[in-house]
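S.K.: dropping the sequence and predicted coords here.
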Amino acid sequence: MSWLPCGLYHEHYREDHAWWQTTFVKGKMLLLAIFAIVILPYLDLVAPDLGPYLLNIAVILLYTILAASGVQLLIGYCGQVTLGHAAYVAIGAYTCCLVLMHGPALAAMTNDPNPIVRTLAALFSLLMKAGLLYPAGIILAGLAAGLWCVIFGLPSAKVKGFYLIMTTIAGQWITVEFFITQYVSQIGGRQQAFTVLPEHFTIGPFTIDSDRKIYYLGLALVGLVVAVTANLLRSKPGRAWIAIRDNDIAAEAMGVNIVAYKLLAFFVAGAMGGLAGVYWLNFNYIISPEHFQWFWSLWWVGVILIGGVGSIQGTIFGSMFMVLVMEGLKALIVPLSGAFPELLDKFLFIKEALFGLAIALFLIYEPNGLAYRWWQLKNYFNLWPFSY
């Protein structure tokens, strides 16, 4: 199974630190990869009605994982409670959107008298010729969201707990309700919503203009975020974050620069949120402040509470639970809407009520989340018949 048989042991640290340590686990991951890369994206060839629907759900699931990963890093691994993560997702989405919309105009300003503008114009011109304007937008979105998150993470050097929660909520209102709604959304004379054409999402010769390509992009971004998070947690910053989460006073007494590592955690979490915003833009093509309301910050906190705080698997399990349960609820209400039309009208309220009920039940009956239950299930089979 997933344990080492009797008489076998690791001879090198790289074996002990390997993500998948046995042939059985490697086989499971190979099957998962085949399903995610080959079967699910091309399911529409076999089931034309079901395939696109499942692919759309998978895209929403990947977006939820991306957005909740930053929340998991801050709350689960560094102990910094945040209730304003939707702000950094919005910053990433709007940064990439502005790069794609105004990059061509900037690239044409090669004769501007300002040398800084000429340099930027030459750079954007090269990026456009190489088809790398969208990748540049992704990188800038991650950096902008990370730095913006650091700004609102600065109070974490002096406050924590309830006061830090209020600070992050203030960051949500300042960013979305004031900065984006009143200023960023008005750029170019527009009224709130920005629209990007599908042909702008190009990486070299490839244009990400279909659900299948968007799904593959999300799969790559989730893989990148999971790999970065897992490796950071095994490094010096990861150990410092966990020490701060467990006891920040003891960590500081041991020589950990808690302010620097807290701000690093905010930067990485904000960058992850920025990537989620870029993915939302690619999936939706239209963004407005209504897409990044405070409810989504609460939603992603609920995702990690249900999945398991302090666990990468918890982020994935929690996202699966929230997305699939809500889709199942929708599939149940739609057929009943013929006999009870008020159910469809009140679906949003039912969804929010179920969200609150799920969090309450998990906190009471499964406070460690689905990841802990998965760990227990694996141990039961690994230790069988000595499952005690």
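M.R.: Looks like it came in fine.
S.K.: excluding chain neighbours, what is closest to Gln172?
M.R.: Gly84 (3.4 Å; Cβ to Cβ, 6 or more residues apart in numbering). Backbone N, C-alpha and C define where each C-beta goes, glycine included.
S.K.: just checking, that neighbour is part of a strand?
M.R.: No. Assignment of Gly84 by DSSP: H, G, I helix; E, B strand; the rest coil gives coil, placing it outside any strand.
S.K.: separation between it and Leu55?
M.R.: The gap separating Gly84 from Leu55 is 31 Å, by Cβ to Cβ, to the nearest Å.
S.K.: the more surrounded of those two?
M.R.: In terms of neighbours (other Cβ atoms under 10 Å), Gly84 is the more surrounded of Gly84 and Leu55; the figures are 23 against 19.
S.K.: which phi and psi does that one have?
M.R.: Backbone torsions for Gly84, taken as degrees, to the nearest 10, come to phi -140, psi 30.
S.K.: now that it has come up, it's in contact with Phe295, right?
M.R.: No. At 11.8 Å, Gly84 does not count as touching Phe295 under the criterion of Cβ atoms under 8 Å.
S.K.: where does this structure have its least confident helix or strand?
M.R.: helix 341-345 (a mean of 72; mean pLDDT, DSSP states H and E).
S.K.: give me the buried positions along it.
M.R.: Leu343 (16 or more other Cβ atoms under 10 Å).
S.K.: which outside residues touch that helix?
M.R.: Defining contact as Cβ atoms under 8 Å, 6 or more residues apart in numbering, one finds that helix 341-345 is touched by Ile333, Val334, Leu336, Ser337, Ile350.
S.K.: where exactly do the strands run in the chain?
M.R.: 194-195, 202-203, 206-207, 286-287 (DSSP state E).
S.K.: for Cys97, which of these is the nearest?
M.R.: strand 194-195 (5.0 Å; Cβ to Cβ).
S.K.: who are the packing partners of the lengthiest helix in the chain?
M.R.: Scanning the chain for the helix with the most residues, using DSSP state H, yields helix 258-284. Judged by 3 or more Cβ pairs under 8 Å, 6 or more residues apart in numbering; DSSP states H and E, the packing partners of helix 258-284 are helix 50-71, helix 86-107, helix 133-153, helix 211-233, helix 236-253.
S.K.: now the angle between helix 258-284 and the last one, please.
M.R.: Read that as helix 236-253. Here the directions of helix 236-253 and helix 258-284 differ by 140 degrees (axes from the mean of the first three to the mean of the last three Cα atoms, to 10 degrees).
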